[in-house]
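S.K.: No sequence on hand, only this structure:
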């Protein structure tokens, strides 16, 4: 029995502090990129946007990575 929509969907998590630094560009030491992770979430259990603390290699620390739209 096939379902119309998959319960588990693939989401992209992006570093929120890298995005803010990229817009401001105030510091002399600018980041060279934006950290992104790909993961899955259950659509029924987590209908809102996902936010996880992950390591950002550009910020050199653990930051909040938020879900972005594909």
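M.R.: Looks like it came in fine. All of these numbers come straight from a predicted model, not from anything done at the bench. Residues are numbered from 1 along each chain as shown.
S.K.: Just the buried positions in stretch 45-62, please.
M.R.: 54, 56, 58 (16 or more other CB atoms under 10 Å). (Glycine included, C-beta is placed from N, CA and C.)
S.K.: Hmm, I typed the wrong one, I wanted stretch 38-45.
M.R.: Within stretch 38-45, judged by 16+ other CB under 10 Å, the buried ones are residue 41.
S.K.: so how far is it off the chain centroid?
M.R.: Chain-centre distance of stretch 38-45: 13 Å, with CA atoms, centre = their mean, to the nearest Å.
S.K.: which residues does residue 61 contact?
M.R.: By CB atoms under 8 Å, 6 or more residues apart in numbering, residue 61 lies in contact with residue 55.
S.K.: how about 10 Å then?
M.R.: For residue 61, the contact set (CB atoms under 10 Å, 6 or more residues apart in numbering) comprises 17, 55.
S.K.: so what's it bridging to?
M.R.: Residue 61 forms beta bridges with residue 56, as assigned by DSSP bridges.
S.K.: So it versus residue 44, what's the distance?
M.R.: 33 Å (CB to CB, to the nearest Å).
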